[in-house]
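# sequence-free structure coming up:
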């Protein structure tokens with residue numbers, strides 16, 4: 001095959017050949033004008049002029065897939081008669097490179113990877129697209145070490161170009177035989193075929209080998225006719241529940257598998273969680289085989305599911321900044337495979353273990369909690385349970401292990417990001433150097449050691465509440481803080497010292513939201529008792545009670561000019577009303593689910609509302625005319641925040657991300673992946689340069705509002721963080737938690 005190094009394809013120059021496979025050659029390329037790297041896949045096919053449109057049609061279908069766990073197609077075209085695809089460059093290698101054949105992974109790690117791949121596949125299936133070639137070689141690590149599924153549909157595109165020229169045969173079928181479902185072998189691929197392939201991958205990761213070995217024909221016959229060997233024969237310690245889930249997904253009949261690939265991933269996660277809960281977090285040690293994975297440290301019994309932190313590459317420089325392992329060749333069982341290029345890589349492998357505190361009572365069992373779906377089902381009903389959104393939902397994910405206390409190690413950057421559901425410790429292949437874990441010093445020790453208050457230092461903890469704290473707000477003049485929660489109170493206290501001023505007890509049930517008037521003179525509070533109350537922020541006197549809602553009220557937002565309030569909750573309507581007399585001015589009823597987030601635009605003309613109907617809606621506040629409807633990857637939304645300059649909107653999502661959009665044009669700007677669990681709160685800094693987000697992973701994360709980089713993580717809370725507020729000068733953050741405290745800490 002011709003070496004194309006130096007050639008131009010589209011707007012890209014080919015720099016280096018980085019891999020060959022049965023379907024394509026892969027080159028590292030750079031954009032001619034933007035000087036940005038990309039991977040160029042040059043297909044092994046020559047197209048006649050009349051065949052070009054079919055290729056373009058199929059490539060366009062692939063290019064429409066935009067998801068945080070899918071490698072994005074940037075461009076495609078035909079150079080002469082040669083078709084090519086340009087895709088995002090994933091700098092940190094593949095999971096095959098990270099976990100060579102024979103590697104046995106901890107169950108927690110497998111659950112994390114399967115969850116991310118399933119998210120990508122479910123999104124594609126919802127778009128009527130089947131991957132057809134799910135395998136570790138097509139699972140990459142992105143810039144933030146998230147798992148990215150690549151080569152979506154490329155096997156089908158390659159197969160179709162071969163068929164156009166009569167080159168189709170059994171070994172040229174779309175996919176890799178070692179991971180192929182029986183019906184796909186018979187050229188009848190369905191969405192459940194991808195589920196089967198993912199189950200083969202999970203089987204391999206847990207057992208150290210795939211269920212079937214042999215020649216191409218032998219493997220094809222076994223997939224079709226032979227039951228997979230019991231996984232527990234290879235890993236006797238594996239919980240029966242986990243084996244049952246994987247074997248169901250490996251059923252020969254697609255109808256006998258799980259109804260969706262997401263259901264398979266959820267069942268696997270549930271089986272793992274039940275096992276961890278009943279074995280006090282010691283399970284995963286049995287599934288770690290560090291000797292078979294050079295450079296990968298074992299997970300200790302008390303480290304099974306603690307979140308990991310990734311050190312940035314600035315602390316671990318490498319001479320090779322672009323990893324050439326990101327696009328290796330296909331598995332040897334794939335069709336007409338050519339071996340990967342034999343190039344040296346410089347890989348710095350530095351892995352530290354993460355320890356989780358052992359409960360003081362060794363015999364203490366974890367509390368049994370409901371999954372998020374259970375809370376959502378309850379929230380839809382009337383009446384909503386107390387502390388409804390007392391959300392047993394989170395406590396479940398809420399990490400069956402205690403949050404690890406972090407000890408700050410020399411030479412490891414504070415700028416780190418959380419990865420994965422379980423925090424598996426991973427070593428990136430090639431030039432990004434190594435993974436590391438840092439631990440945060442206790443605030444008491446830090447304060448004793450030095451009089452200087454550093455970034456992330458807890459200034460004080462407010463402990464006035466006797467129940468879960470759901471919300472916190474900072475007065476615009478910076479002098480006061482208000483918080484509210486499950487004890488049915490709103491408490492006002494001095495922001496500088498934490499000294500209480502007064503407690504309002506006018507609500508008869510849990511208070512979920514509050515908002516300060518722009519002049520700092522009044523507070524509005526939203527409650528499960530179906531009311532919003534407005535009262536004097538200095539003495540607690542409340543002249544107005546708003547009763548326009550027919551169900552619990554979750555969120556309330558004050559317009560920037562102080563004239564209007566918006567409130568929303570369980571009745572699925574946003575009420576816009578006069579802040580002086582409580583008169584309803586407009587009712588917005590286009591959401592089909594509970595509404596949890598509200599934010600006014602700086603010019604007081606628009607509102608954005610976020611709902612568990614999986615949409616955020618931007619609309620005119622007094623007419624209800626929709627501006628944009630955002631639907632970020634099919635996930636429930638919990639909070640929304642408008643940038644101070646009115647140009648962008650950020651929403652906190654149940655899929656562990658924060659999504660950022662252009663508020664004027666509706667363009668999707670970027671996704672922040674730092675959290676390892678549901679995200680419940682998001683807020684822009686007063687100067688608009690930073691964003692803070694918080695959630696079920698018990699952290700508050702502060703990051704660059706421009707592109708989501710430069711993350712700083714605050715880990716002071718012992719339970720889910722439900723709300724946060726910036727001080728008006730942007731120097732401090734107050735965060736409210738289910739640990740019944742509000743912490744005020746230094747943000748810069």
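Now that the structure is in, tell me what you want to look at. Computed from a predicted model, the values in this text were never measured in an experiment.
# going forward, measure contacts between C-alpha atoms and count neighbours the same way
Noted.
# quick one: the strands in the stretch 51-200 of the chain?
In the stretch 51-200 of the chain, the strands defined using DSSP state E, counting those that start in this stretch lie at 73-79, 82-87, 139-141, 147-149.
# Endpoints of stretch 630-649, how far apart?
This stretch, stretch 630-649, spans 10 Å end to end (Cα to Cα, to the nearest Å).
# Show me what counts as buried in it.
Neighbour-count burial for stretch 630-649, with 16 or more other Cα atoms under 10 Å as criterion, is recorded at 630-644, 646, 648-649.
# for that stretch, what is the average pLDDT?
With pLDDT averaged residue by residue, stretch 630-649 scores 91.
# Over to stretch 256-276?
Stretch 256-276 shows an average pLDDT of 92 in the prediction.
# And for stretch 506-520?
For stretch 506-520, the mean per-residue pLDDT is 95.
# what's near enough to touch the spatially closest residue to residue 197 that is not a sequence neighbour?
Of all residues beyond its chain neighbours, the one nearest residue 197 is residue 179 (4.8 Å), with distances taken as Cα to Cα, 6 or more residues apart in numbering. Contacts for residue 179 were tallied using Cα atoms under 8 Å, 6 or more residues apart in numbering; they are 133-135, 196-198, 200-201.
# State the mean pLDDT of stretch 146-159.
What stretch 146-159 shows for mean pLDDT is 69.
# Let's verify the most centrally placed residue in the chain: helix, strand, or coil?
With the centre of the chain defined as its mean C-alpha position, the nearest residue by Cα atoms, centre = their mean is residue 656, 3.5 Å away. Classification of residue 656 into helix, strand or coil gives coil, according to DSSP: H, G, I helix; E, B strand; the rest coil.
# How far off centre is the longest helix along the chain?
Among the elements of the chain assigned as helix by DSSP state H, the one spanning the most residues is helix 107-126. Chain-centre distance of helix 107-126: 11 Å, with Cα atoms, centre = their mean, to the nearest Å.
# Tell me which residues of that helix come out buried.
107-125.
# cool, and stretch 491-511?
Neighbour-count burial for stretch 491-511 flags 491-493, 495, 498, 500-501, 503-504, 506-507, 509-511 (criterion: 16+ other Cα under 10 Å).
# Which residues does that stretch contact?
When contacts are taken as Cα under 8 Å, 6+ apart, the neighbours of stretch 491-511 outside the stretch itself are 386-387, 460-462, 464, 470, 474, 478-490, 525-529, 537, 539-540, 554.
# Which residue is the nearest non-sequential neighbour of residue 746?
residue 732 (4.6 Å).
# Point out where the protein drops to low pLDDT.
Using pLDDT under 70 as the threshold, the predicted model of the chain has low-confidence ranges 1-2, 21-23, 48-50, 153-175, 276-453, 539-540, 542-543.
# Show me where it has its helices.
Secondary structure of the chain (DSSP H): helices located at 52-63, 95-98, 107-126, 154-163, 182-185, 191-207, 216-225, 231-234, 240-249, 261-278, 372-379, 392-397, 443-449.
# Out of those helices, which one sits most buried?
helix 191-207 (a mean of 26; mean count of other Cα atoms under 10 Å).
# Specify the angle between that one and helix 240-249 in degrees.
Counting by axes from the mean of the first three to the mean of the last three Cα atoms, to 10 degrees, helix 191-207 lies at 140 degrees to helix 240-249.
# other SSEs contacting helix 191-207?
Here helix 191-207 touches helix 107-126, helix 231-234, helix 240-249, helix 261-278, going by 3 or more Cα pairs under 8 Å, 6 or more residues apart in numbering; DSSP states H and E.
# With distance to residue 603 added, can I get these in JSON lines?
JSON lines is the format used below for the helices and strands packed on helix 191-207 (distance: least, Cα to Cα, whole Å):
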{"stretch": "helix 107-126", "distance to residue 603": "36"}
{"stretch": "helix 231-234", "distance to residue 603": "60"}
{"stretch": "helix 240-249", "distance to residue 603": "52"}
{"stretch": "helix 261-278", "distance to residue 603": "41"}
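# The protein - how does it break down into domains?
Using automatic domain parsing, the domain parsing of the chain gives 8-87, 465-713.
# Mean neighbour count, the ones you listed: which tops it?
With neighbours defined by mean count of other Cα under 10 Å, none of those is more surrounded on average than domain 465-713, at a mean of 22.
# OK, contacts around the residue nearest to the centre of the chain?
Under the criterion of Cα under 8 Å, 6+ apart, the contact partners of residue 656 comprise 673-679.
# quick one: it from residue 115, how far?
Noted for residue 656: a distance of 12 Å to residue 115, by Cα to Cα.
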